[in-house]
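>>> need the 3D shape of this:
(chains A and B)
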2 protein chains.
Amino acid sequence: MSRLRKEIDEALLDFVGRQRPALLDISADLAPLMSALDALLSGGKRLRPSFCYWGWRAAGGGTDPGIVAAAASLELLQASALIHDDVMDSSDTRRGQPSVHRRFEALHRAQGWPGDAQAFGGGTAILLGDLCLAWSSEMFETCGLDDERRRRGRAVYDVMRTEVMCGQYLDMLEGTRGEATVETALRVVEYKAAKYTIERPLHLGAALAGADPRVTAALTGYGLPLGIAFQLRDDVLGVFGDPAETGKPAGDDLREGKRTVLVALTLERASAAQAAALQRRLGDPALDRPGVDELRAIIEETGGLAACEALIDRYAREAREALAAAPITEEAREALTDLATAAVARLA
Amino acid sequence: MSRLRKEIDEALLDFVGRQRPALLDISADLAPLMSALDALLSGGKRLRPSFCYWGWRAAGGGTDPGIVAAAASLELLQASALIHDDVMDSSDTRRGQPSVHRRFEALHRAQGWPGDAQAFGGGTAILLGDLCLAWSSEMFETCGLDDERRRRGRAVYDVMRTEVMCGQYLDMLEGTRGEATVETALRVVEYKAAKYTIERPLHLGAALAGADPRVTAALTGYGLPLGIAFQLRDDVLGVFGDPAETGKPAGDDLREGKRTVLVALTLERASAAQAAALQRRLGDPALDRPGVDELRAIIEETGGLAACEALIDRYAREAREALAAAPITEEAREALTDLATAAVARLA
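Purely as a prediction, here's the structure:
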């Protein structure tokens, strides 16, 4: 796995390295945009590119630097999503560093510019996210795979982008309406996370390789439940995770008021007093450590956490069973087994 | 010109119409995103698609529905830029209607949802702008022109996207630093407006048609100065324009504190008292009608307005002269003459 990670990183560095002089040629004032992107791209687990690569191999694709570049382009799409997501959530940190909008707020203050630092930070993050989104499609289209492969892959790539953006909207809508049920929260998980993080990257690789429809279907059988399990693990980590491992402050999802499946499972099981306490403090930007501990206790005592862990186990098992029966190469089966373990037990 | 406009609109309606069921299939909750996009796309002059189309014809391209779809994809790129720009500038209106983020703030309030209406509006606008950016490249790639033409066009398309996003950042930077000179303001105009609105759309059409390098160079000779004249006219309208024609409140650019070439020309010519008054009120969100009138008077009395009009005339003349000598078809020369008049004398 680590050789693939190195190849993906090299493809990213190569692409971003070709953009750098073009930007600096427009203006030296653009250098901080490149530094912010470099910092963001230095973190991350490259999950989406890895799934894309193994979708390709699962469908019989061979060794070709083109697939590595096509897969790596998903990391720029993800960078765009993270940068914009952090603006939308007013998040302070990402991957253990200041979020892009906070970074540019700090630059503004350090320079003592007269304008509004917060507006400058937010505006820059919107633009840098746009740039990453544009560069993602540019990197995909110039990956080096031939026109016919890219035409097949593009159909998946286009659907994936629409799905993740719609999923993000539905997620925000559930958060602001404050009435998510387990069912509606799972629908958000499907589009925002499960398809985007696992199923569609697998499909993209498979389509680029010219997969048999049975292979594509088998990858859905594995990828969709695994993607749900992955997001549920993420929800648990967003509440109970160690900041050193998640790169986010403890209980950050509680402070942001995310209406996750974990929260919905808890509310289903909560007493009136527990539900009232959770509803009152969820999304309070001033939630401190004792407040986080109080909400964590409710999520544990109601059995919400145990129910979520049981769902993770169930979806992960479903994924493993689908993988065992999938008509793919043994090498791909082995790599996808390892990726499944990494996605569900992952630390951050 | 109006037949082309009709064809562009049909191509847009056709593309957006194919996305609609895909979105509603994910969730009926996504319908307001489509309505907001429909409303935004109902306005606008289709300048960029028109320049793209005539770049194609200038380079000898014939009648092909593919070029209309490729050209129309620029309108989705522009929709993305407008939606994000309005969030960054906190603009209330666009094309005479509420801006997208205000529209979703209003939806939030009307529904009485418990969350933060402003955050919901801003977040939705970020996501809808992302969707338009993604759809722009999807529409371009699926326009129907062959792989070889699109490969040549894509090189221009990619450069154009990077340039406009960098130009937007530089524009915001000049605004927040508050120290734009005529020279630095013109650099912003070049990347944010002149290349993006006119030169690159012309180049895109020409590249899709397989233009001779002499044609591409001639289109730069026409498009770049015309693009500068176009943006300077926009700056004048942003201060002096009639709201019924611009679709923006009177003096909106003053309220937003834009550091335009017009402002820089005024400051170069202002007395200490005039400069202090302009600097003090520029960017004041509470600037009322008497305040707008006071700043307009300064811009006129210093000779800033006259200097800006003289620049518009000079750049427009340069464009016309380049066009007269360009090695292109007579039909294209005539259409580009009309477009030049529309761009510089345009009402909104």
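>>> nearest residue to A:Lys227 in space, please, no chain neighbours.
I think there's a mix-up here, since residue A:227 is Gly and not Lys. If you skip the residues right next to it in sequence, A:Gly227 has A:Ala194 as its closest partner in space, 2.8 Å away by C-beta to C-beta, 6 or more residues apart in numbering or on different chains. Any C-beta I mention is one placed from the backbone N, CA and C, and that applies to glycine too.
>>> my bad, A:Leu267
A:Ala275 (5.6 Å).
>>> cool, and A:Asp116?
B:Thr176 (7.0 Å).
>>> where do the helices sit along the stretch 101-250 of chain A?
Listed in chain order, the helices of the stretch 101-250 of chain A (DSSP state H, counting those that start in this stretch) span residues A:117-141, A:147-177, A:182-188, A:200-209, A:213-240, A:243-246.
>>> can you name every helix or strand that the fifth one contacts?
Going back to what we said before, that points to helix A:213-240. Based on contacts counted as 3 or more C-beta pairs under 8 Å, 6 or more residues apart in numbering or on different chains; DSSP states H and E, the elements that helix A:213-240 packs against are helix A:47-58, helix A:200-209, helix A:243-246, helix A:252-256, helix A:261-269, helix A:289-301, helix A:304-325, helix A:330-344.
>>> so which of the ones you listed comes closest to B:Ala180?
Each of the helices and strands packed on helix A:213-240 was scored for nearness to B:Ala180 using C-beta to C-beta, and the closest is helix A:252-256 (37.0 Å).
>>> the closest one near chain B anywhere?
No - legend: contact between helix A:252-256 and chain B by C-beta under 8 Å from any C-beta of the partner chain is lacking; minimum distance shown is 10.6 Å.
>>> any stretches of the stretch 1-150 of chain A with poor pLDDT?
Low-confidence segments of the stretch 1-150 of chain A, defined by pLDDT under 70: A:1.
>>> where does it get nearest to chain B, residue-wise?
For the stretch 1-150 of chain A and chain B, the shortest gap (C-beta to the nearest C-beta) falls at A:Gly115, measuring 3.0 Å.
>>> go on, the stretch 151-300 of chain A?
Checked against chain B (C-beta to the nearest C-beta), the nearest residue in the stretch 151-300 of chain A is A:Thr176, 3.1 Å away.
>>> what is the neighbour count of that residue?
Burial of A:Thr176 is recorded as 23 neighbouring residues (other C-beta atoms under 10 Å in any protein chain shown).
>>> just name the most buried of the helices of the stretch 101-250 of chain A.
Mean neighbour counts were taken over the helices of the stretch 101-250 of chain A using mean count of other C-beta atoms under 10 Å in any protein chain shown, and the top value, a mean of 29, falls to helix A:200-209.
>>> helices or strands up against that helix?
Contacts defined by 3+ C-beta pairs under 8 Å, 6+ apart place helix A:200-209 against helix A:47-58, helix A:65-89, helix A:147-177, helix A:213-240.
>>> change it to 10 Å
helix A:47-58, helix A:65-89, helix A:147-177, helix A:213-240, helix A:330-344 (3 or more C-beta pairs under 10 Å, 6 or more residues apart in numbering or on different chains; DSSP states H and E).
>>> how far does that helix sit from its chain's centre?
Its chain's C-alpha centre lies 17 Å from the corresponding centre of helix A:200-209 when counted by C-alpha atoms, centre = their mean, to the nearest Å.
>>> can you count the residues close to the nearest residue to A:Arg95 once chain neighbours are set aside?
In space, and not counting its chain neighbours, A:Arg95 is closest to A:Gly43: 3.4 Å by C-beta to C-beta, 6+ apart. Summarising burial for A:Gly43: neighbours were counted as other C-beta under 10 Å, giving 13.
>>> now do A:Gly283, the pLDDT please.
In this model, A:Gly283 is scored at 88, pLDDT.
>>> quick check, it in a strand?
No - the assignment for A:Gly283 is coil, going by DSSP: H, G, I helix; E, B strand; the rest coil, so no strand is present there.
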